[in-house]
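Trainee: whatever this is, show me its structure:
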Amino acid sequence: MEHTTKRTTGPAGTSSAPRLLPWPSLDGKPAYLVTENGGGYVSRLADDLEATQLATGTDVLGLARTVLDDPASPYTEVRYAGLRLAECLADALRVAESRGMRLPAPDADDGGQATQEDEEASNTRYR
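Mentor: Model prediction:
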């Protein structure tokens, strides 16, 4: 799910990069939103849907762990859990990509390199 977009600079240095929306276009392709301030109705709707998708992923993960932890779980339940987990992962990756596209470009001073402190914080967060 790799999308390339050009980041443009608007008035007063504001970024007007297209936002990847959490739903596809009518023809199934990625849908984007371009706004001046990023706070319109569609943007808020996308924020709400992203929050719902991430919350659903958390719920599905908890339920799937119950099925996967039980060695006596029927194949159909394990398969169903795997399919729902794959859907939630796709949603979460789309949210991450959308949010990553909206991050400001790294400063030229640090060359985009993470500091040792940033790396340590990142490593401990996901253990």
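Trainee: what number of residues lie near residue 96?
Mentor: 12 (other Cβ atoms under 10 Å). C-beta coordinates here come from the backbone N, C-alpha and C atoms, glycine included.
Trainee: residues in contact with residue 50?
Mentor: With contact taken as Cβ atoms under 8 Å, 6 or more residues apart in numbering, residue 50 is in contact with 22, 95, 98.
Trainee: narrow the residues you listed to those in strands?
Mentor: residue 22 (DSSP state E).
Trainee: nearest to residue 70, of the contacts of residue 50?
Mentor: In terms of Cβ to Cβ, no member of these lies closer to residue 70 than residue 95, at 29.7 Å.
Trainee: what helix or strand is the nearest residue to the closest one once chain neighbours are set aside on?
Mentor: Using Cβ to Cβ, 6 or more residues apart in numbering and skipping the chain neighbours, the partner closest in space to residue 95 is residue 50 (4.7 Å). Assigned by DSSP states H and E, residue 50 belongs to helix 41-69.
Trainee: same check, this time on residue 20
Mentor: Assessed by DSSP H and E, residue 20 sits inside strand 19-24.
Trainee: what residue, apart from its backbone neighbours, is nearest residue 49 spatially?
Mentor: In space, residue 49 is closest to residue 22, 4.7 Å off (Cβ to Cβ, 6+ apart).
Trainee: no wait, residue 42
Mentor: residue 33 (5.6 Å).
Trainee: for the helix or strand where residue 31 lies, name the packing helices and strands.
Mentor: Taking DSSP H and E as the criterion, residue 31 maps to strand 30-33. On a contact count with 3 or more Cβ pairs under 8 Å, 6 or more residues apart in numbering; DSSP states H and E, strand 30-33 meets strand 19-24, helix 41-69.
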